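Chemist: let's see this in three dimensions:
(one chain, ligands or ions: 2)
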Amino acid sequence: MRADLEVTGPHGPIPVRVYEPDGAAEAVLVWAHGGGFRHGDLDMPEADMVGAELSRRANAVVVSVGYRLAVDGVRYPVPIDDVHAVWTWVTARTDLPARRAIGGASAGAALAVSAALRATASPPDLLLLAYPFAHFPTPTLGHGRTLENIEDMVRNYVGRISDLPADALPGAARLDGLPPAYIVLSESDDLRPSGELLERQLREAGVPAESFLAPGTTHGHLNRPDDVPDAVDASLGFFAAALRAPRQAPRWLRRDGEPRIEFGADYNPEQWPREVWADDVRAMREAGVTIVSLGIFAWARLEPAERRYDFGWLDEVMDLLHAAGILVDLATPTASPPPWLTTRHPEILPVDRDGRTVWPGARQHWRPTSPVFREHALRLVRALARRYADHPALAAWHVNNELGCHNVHDYSDDAARAFRGWLRRRYTTLDALNAAWGTDFWSQRYGEWEQILPPRYANGPVNPTQQLDFKRFSSDALKEHYLAERRILREITPDVPVTTNFMVAGPINEMNYPDWAAEVDFVANDHYTRPGPQSRDELSFSANLCGNLISGRPWFLMEHSTSAVNWQPVNVPKLPGELARDSLTHVAHGADGVCFFQWRQSRAGAEKFHSAMLPHAGTSSAIFAAVTDLGARLRSLSGVAGLARTPSDVAVVIDYESWWAAEQDSHPTDRLRYRDEALDWYTALLDAGVRADVVPVSADLTGYRLVVAPILHLVPAALRQRLEEYAAGGGHLVTTYFSGIVDEFDHAWLGGYPGALRDLLGIRVEEFAPLLDGESVPLSTGTSGTLWSERVEVTDPAVTVLAAYAGGGAAVTRRAVGAGSAAYISTRLGPQGLLVILDELLSPAGVVSELPPDLRGKVELAVRGPVRFLINRTAEPVELSAVAGAPQTLPARGVVVLLSPGTPG
Ligand code: GLA
Ligand code: GLA
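Modeler: Ligands and ions are numbered 1, 2, ... in the order given. Below is the predicted model:
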């Protein structure tokens, strides 16, 4: 519904056009069209089409302002006065929604910002700015408009081009205090630098600002909806999603019914003839499958040629699953671009460090920062979301697949451009970047942003801060891609949760998941075991961290394997009992969904020898029987669903930045493996029968009696302070060799090691003494250290030496800090060596095992509220007579779940 009205303003009546949504309005937007301050009216698409569309898409009342144009002697600040008068009129009305925005396009965006700067009494909640013209002089004009055009426009509006009032072109104004801004940029816009500069200025002033680059557009694209329909659609979608009242997306699947543990797999029906689908669904029901992840690699089938969609087969599969009561975690199929796309646009292919193109043939051959890839991917996401928004089987969105699994570090020109943008946001000035990167080393000083490159192949070690920032940037770039997809999914289906499958497993560290976790509605993880003595503990460690990425809330195991994988040098099948034990260990650490890769073992393709729920052998197989048993077991555990992990007294801290920094090149040893050290601590604690939480370094540590922060290499001043306060507050901190060494710029803390933690630990180390392969250093405890050693000087009288090197000198120390302490281990002890000193660290912290003595080491205990999980870590049955309410024995590789004291499940 639209109505033309007049609002009284200081210069007389102001025409406005008001658009009302069909349903109840959730927001109100005051909108100013563009036209260089002297053109434009309420009928132009940028006013009328935008007003009608935003009203419809965001359930908003849109008030489009016919402000006075700078003609016939009208000048600054009259147009601002008019927009502001309409804003005052809107905000005085009590019949309009409380969520209020102001926005505009081009010159109208400048008016909107200037009106917002005035609206201190009733400030807007957000700004919507399309290709803003916000500066004079205009930053780096490209081709197109001439400087004379711009001067003329400004002179016409303000009456001069010098001594401009700050709010005439509001990039010059004080911007702090403005509400969050959402900026649409036209890609090939000579004025784009103004929008980009405004975004940087807003951020610098502490105003949250987010932009959307509309591909293939020139300045003013909202005025040309017929020329660039996709870009206009996406731009309006971006604004609508921001304008709509924020809805808390559900934190778990969209489904009705009692809580339960979900069970299922990736389902790839496109690999099989249609006749097989009905058999699949029948066998899924037999196995107790409740959910499948669908369409993950189906791009080529869903969009067989550019903009030609074929959803028919997916409709059929969705309906079939729904009829069988099986939910769908629907993937956006953007992980593997189809051949038509890479043939037409080879510029989306990643480039590796050595400059080699990553050709198609496998999957994930796309640059995270390619605008061309982004455009094609998002168009497909939009089409898919629209198609299935209301499908009753749709329970969650699965964005892409294992983002970054194969393409996280891209060194292409797109990456270089995006890296520079990221660095400009981080450092603002080149001087700050030069200082942070220490570019006076080896004559690397930059004089222009354009000189900066990703850390491509070089003939020696590349600047370490450049490498570290590239790791940060690469994680962020993929997160950006995720957010771009999520924005569309949230816009179209605000009631469907969005997630993406993380890879918290083994050495994978390229994506900073603790940083990503805030952006998923629930954490989903893929985990595969790797052979070795700590394989099972590693699974528990990873599951544990997943359970703590969003403060103990249940998460979703999106993939693991029923048996062997196909991608290790030797692919060993699981032993009897392992399939269930692995699954239940994830559940013990908070997983409320247990899914596998994949449902039916592929007949063709690179994964035909990867195990599945339904193996090549068919339903009459040990694997399918074990899968069906597991389905039944999970049904009996529905009482566990929804229960948070119960925190323990001990935390093992994981810091991805320390992980990255500690393993860079040109270090004392290239043998150091951050996560192995952390896992050794976890194993030692399990050996002692002590439950620990694996937590990100950003977690609140104050509730833990003991915090182990192994190889906490990168310690900014704020982290140092947190750790000092933790210990001063009675906490017991333990850290190891190569901790506290650098700050956030990877610059060494001076004065001796362990740098930032030297005073807290009460020790000083002058030189590292890493050990050669096969070399070890005996300790007074009877064990020995490998990898690393140090000559530790005790500098504080409150330090006790807990273990010494047999050759002399402290190896393990603890400093009393008030009621707390800070301990240091200067060598790699391994799980057995750590176990020997563990009691000396646990006792002062008052940490005791919750397990009866006979079970310690053999059994892992995990707790979710009233439910206790006893997991057999050994290949032998374990007597449980000492545990009240437990069965007689815990089978080899078995799990006993005590639902409430006395009821085994
Ligand atoms: C060579 C170089 C120096 C320095 C040393 C390090 O000698 O000339 O600049 O890099 O190696 O060992
Ligand atoms: C990853 C992928 C799956 C599959 C499995 C095989 O988890 O997401 O598509 O390739 O590995 O282990």
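Chemist: what values do phi and psi take at the closest residue to ligand 2 within the stretch 301-450 of the chain?
Modeler: Nearest to ligand 2 in the stretch 301-450 of the chain, going by C-beta to the nearest ligand atom, is residue 402, at a distance of 4.5 Å. C-beta: built from backbone N, CA, C; applies to glycine. Phi and psi for residue 402, reported as degrees, to the nearest 10, are phi 40, psi 60.
Chemist: was I right to think it contacts residue 334?
Modeler: No: using C-beta atoms under 8 Å, residue 402 is not in contact with residue 334, being 11.9 Å away.
Chemist: which one of those two has more residues nearby?
Modeler: residue 334 (25 against 19; other C-beta atoms under 10 Å).
Chemist: contact partners for the more buried one?
Modeler: By C-beta atoms under 8 Å, 6 or more residues apart in numbering, residue 334 lies in contact with 299, 366, 377, 380-381, 399-400, 485.
Chemist: kindly report the same for residue 879.
Modeler: Contacts of residue 879 (C-beta under 8 Å, 6+ apart): 854, 888-890.
Chemist: reformat those residues as TSV; add neighbour count and distance to residue 686.
Modeler: Compiled in TSV, the contacts of residue 879 are given as follows (neighbours: other C-beta atoms under 10 Å; distance: C-beta to C-beta, whole Å):
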residue	neighbour count	distance to residue 686
854	15	15
888	8	23
889	15	20
890	23	15
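Chemist: so which of those comes closest to residue 451?
Modeler: Comparing the contacts of residue 879 against residue 451 with C-beta to C-beta picks out residue 890 as the nearest, at 62.8 Å.
Chemist: who does that closest one bridge with?
Modeler: Beta-bridge partners of residue 890, counted by DSSP bridges, are residue 878.
Chemist: circling back: show me which of the contacts of residue 879 neighbour ligand 2.
Modeler: Near ligand 2, taking C-beta under 6 Å from any ligand atom as the test, no member of those is found.
Chemist: those: which two are farthest apart?
Modeler: Once C-beta to C-beta is applied, those give 854 and 888 as the farthest pair, at 13.6 Å.
Chemist: could you save the contacts of residue 879 as a markdown table and add columns showing distance to residue 258 and pLDDT?
Modeler: Shown next, in a markdown table, are those (distance: C-beta to C-beta, whole Å; pLDDT from 0 to 100):
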| residue | distance to residue 258 | pLDDT |
| --- | --- | --- |
| 854 | 38 | 96 |
| 888 | 31 | 96 |
| 889 | 32 | 97 |
| 890 | 29 | 98 |
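Chemist: hang on, isn't residue 7 packed against residue 87?
Modeler: No: contact between residue 7 and residue 87 fails when scored by C-beta under 8 Å: they sit 9.8 Å apart.
Chemist: more crowded one of the two?
Modeler: residue 87 (24 against 19).
Chemist: tell me where the stretch 201-350 of the chain has helices.
Modeler: For the stretch 201-350 of the chain, the helices defined by DSSP state H, counting those that start in this stretch occupy 229-243, 274-287, 299-302, 312-323, 339-344.
Chemist: out of those helices, which is the most enclosed?
Modeler: helix 229-243 (a mean of 22; mean count of other C-beta atoms under 10 Å).
Chemist: tell me what that one is packed against?
Modeler: Applying 3 or more C-beta pairs under 8 Å, 6 or more residues apart in numbering; DSSP states H and E, one finds that helix 229-243 contacts helix 48-58, strand 100-105, strand 126-130, strand 181-186, strand 209-214, helix 371-388, helix 464-492.
Chemist: so of those, which one's packed in deepest?
Modeler: strand 100-105 (a mean of 29).
Chemist: mind checking the pLDDT average for the helix or strand just after it?
Modeler: As assigned by DSSP states H and E, the chain's next helix or strand after strand 100-105 is helix 107-118. Taken as a whole, helix 107-118 has a mean pLDDT of 98.
Chemist: check stretch 350-360 too.
Modeler: Rounded mean pLDDT across stretch 350-360 is 98.
Chemist: pull it out as CSV, backbone CA atoms only.
Modeler: The C-alpha coordinates for stretch 350-360 follow below in CSV (Å, rounded to 0.1, in the frame of the first residue of the first chain):
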residue,chain,number,x,y,z
PRO,A,350,43.0,-20.7,-6.9
VAL,A,351,46.7,-20.2,-7.3
ASP,A,352,49.1,-21.9,-4.9
ARG,A,353,52.1,-20.5,-3.2
ASP,A,354,54.3,-21.5,-6.1
GLY,A,355,52.1,-19.7,-8.6
ARG,A,356,50.5,-22.9,-9.9
THR,A,357,46.9,-22.8,-10.9
VAL,A,358,44.7,-25.3,-9.0
TRP,A,359,42.9,-26.9,-11.9
PRO,A,360,39.5,-28.6,-11.7
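Chemist: residues in contact with that stretch: which ones?
Modeler: 337, 339, 342, 346, 349, 365-367, 406-407, 409-413, 415, 455-457.
Chemist: how near is the most centrally placed residue in the chain to residue 886?
Modeler: Against the mean C-alpha coordinate of the chain, by C-alpha atoms, centre = their mean, the closest residue is residue 516 at 1.9 Å. From residue 516 across to residue 886, the span is 38 Å (C-beta to C-beta, to the nearest Å).
Chemist: do the same with residue 387
Modeler: Look at residue 387 and residue 886: by C-beta to C-beta, they are 50 Å apart.
Chemist: could you do residue 84 as well?
Modeler: Distance of residue 84 to residue 886, given as C-beta to C-beta: 72 Å.
Chemist: between these two, which is the more surrounded one?
Modeler: Per other C-beta under 10 Å, whichever of residue 84 and residue 886 has more neighbours is residue 84, with 25 against 19.
Chemist: quick check: closest non-adjacent residue to residue 664.
Modeler: residue 464 (5.3 Å; C-beta to C-beta, 6 or more residues apart in numbering).
Chemist: list the contacts for that neighbour?
Modeler: Each residue near residue 464 by C-beta under 8 Å, 6+ apart is listed here: 664-666, 746.
Chemist: if I look at it, what pLDDT would I see?
Modeler: At residue 464, pLDDT is 98.
Chemist: for ligand 2, what are the nearby residues on the protein?
Modeler: Counting by C-beta under 6 Å from any ligand atom, the chain sits next to ligand 2 at 401-402, 526, 528, 559, 565, 597, 607, 610.
Chemist: which among these gets closest to residue 303?
Modeler: Ranked by distance to residue 303 (C-beta to C-beta), these are led by residue 401 at 16.6 Å.
Chemist: burial check on the closest one, number of neighbours?
Modeler: 23.
Chemist: what would the contacts of residue 464 look like in a markdown table with secondary structure and neighbour count?
Modeler: Shown next, in a markdown table, are the contacts of residue 464 (DSSP: H, G, I helix; E, B strand; the rest coil; neighbours: other C-beta atoms under 10 Å):
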| residue | secondary structure | neighbour count |
| --- | --- | --- |
| 664 | coil | 18 |
| 665 | coil | 10 |
| 666 | coil | 10 |
| 746 | coil | 23 |
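Chemist: among those residues, which pair sits farthest apart?
Modeler: Pairwise over these, using C-beta to C-beta, the maximum falls at 665 and 746, 11.9 Å.
Chemist: neighbours of residue 345, just the number please.
Modeler: 17.
Chemist: how far off centre is stretch 76-91?
Modeler: 40 Å (C-alpha atoms, centre = their mean, to the nearest Å).
Chemist: so what's residue 19 up against?
Modeler: 1-2, 51-52, 54-55, 61-64.
Chemist: wait, which of those is closest to residue 476?
Modeler: residue 54 (29.3 Å).
Chemist: for the spatially closest residue to the closest one that is not a sequence neighbour, list each beta-bridge partner.
Modeler: Distances taken as C-beta to C-beta, 6+ apart place residue 62 nearest to residue 54, at 5.3 Å, with adjacent residues excluded. Applying DSSP bridges to residue 62 gives these bridge partners: residue 19, residue 29.
Chemist: no further questions, thank you.
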